[in-house]
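In: everything below, folded, please.
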Amino acid sequence: MKRIAVIVLVSYLAFMSEFVLYNALGTWGKPEFLILVIVFFNLYLGVRYSLIAAVCCGILKDASGIAPFGTYLLVYVAAAFTTTFVRRYLYEQGSRFSRSLVAFFVVVICFILQAVLTVMNHQMRLHALLADILIPQLLTTMAVSTLVFQQLKDISGFFKLKS
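Out: Predicted coordinates for the structure are as follows:
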């Protein structure tokens with residue numbers, strides 16, 4: 001129960017951080033903290049807790065956005081399963097590059113899923129999605145991924161989540 005409470009708290013803090021950074025700095029200043037939270041809990045505690053984080057993050061994002069409810073829930077659950085798949089085939093435990101590689105693939109897969117859902121609704125052209133969303137999202141997320149993973153590991157150590 002303590003793990004779930006920490007996951008909900010960390011998800012909420014990541015959501016609020018994204019919200020504040022987006023409003024203060026715009027698209028180029030907002031890394032995908034929610035995806036990094038999902039990736040971290042998958043790598044640190046396993047897929048079950050990653051799915052809990054994905055549902056929590058998806059509900060928070062869906063409740064505050066204009067997309068149809070469930071869009072981000074689907075994207076983040078797909079991120080949890082993508083992390084499991086990438087972890088199985090590419091991840092080396094303890095490697096910073098490997099953690100960044102997992103985050104890279106998960107961000108790209110989430111973008112592709114968001115792009116498909118957005119283009120299906122004819123809300124935006126694919127070229128605009130690439131230039132306005134993927135490039136800033138990918139660059140800022142990769143720039144802060146190691147720092148965020150380290151901070152999340154410190155938080156997990158503080159709450160003694162690993163048994």
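In: for the residue most central in space within the chain, give me the pLDDT.
Out: The centroid of the chain falls nearest to I35 when counting by Cα atoms, centre = their mean (0.3 Å). As predicted, I35 sits at a pLDDT of 94.
In: my guess is it contacts C110, does it?
Out: Yes - using Cβ atoms under 8 Å, I35 makes contact with C110 at a distance of 5.9 Å. All C-beta spots, glycine's among them, are computed from the backbone N, C-alpha and C.
In: Provide a list of residues in contact with E18.
Out: With contacts defined as Cβ atoms under 8 Å, 6 or more residues apart in numbering, E18 is in contact with K30, P31, E32, F33, L34.
In: I figured the last one was touching L13, is that so?
Out: Read that as L34. No - contact criterion Cβ under 8 Å: L34 and L13 do not qualify, at 10.4 Å.
In: these two - which one has more neighbours?
Out: Each of L34 and L13 has its neighbours counted (other Cβ atoms under 10 Å); L34 has more, 26 against 13.
In: check the gap between V20 and F149 for me.
Out: 20 Å (Cβ to Cβ, to the nearest Å).
In: those two: which is more packed in?
Out: F149 (21 against 12).
In: that one contacts I35, doesn't it?
Out: No - the criterion here is Cβ under 8 Å, and F149 misses it with I35 at 11.9 Å.
In: now the helices for this protein?
Out: 2-25, 33-45, 47-64, 71-90, 96-120, 126-129, 135-158 (DSSP state H).
In: got the angle between the fifth one and helix 71-90?
Out: Spelled out, that is helix 96-120. 140 degrees (axes from the mean of the first three to the mean of the last three Cα atoms, to 10 degrees).
In: tell me the pLDDT of T84.
Out: For T84, pLDDT reads 92.
In: ok, residues contacting the lowest-mean-pLDDT helix or strand in the chain?
Out: The helix or strand of the chain with the lowest confidence, counting by mean pLDDT, DSSP states H and E, is helix 126-129 at a mean of 76. Under the contact criterion Cβ under 8 Å, 6+ apart, helix 126-129 has outside partners F111, Q114, A115, T118, V119.
In: in contact with the first one, which residues?
Out: In other words, F111. By Cβ under 8 Å, 6+ apart, the neighbours of F111 are L129, I133, L134, Q137, L138.
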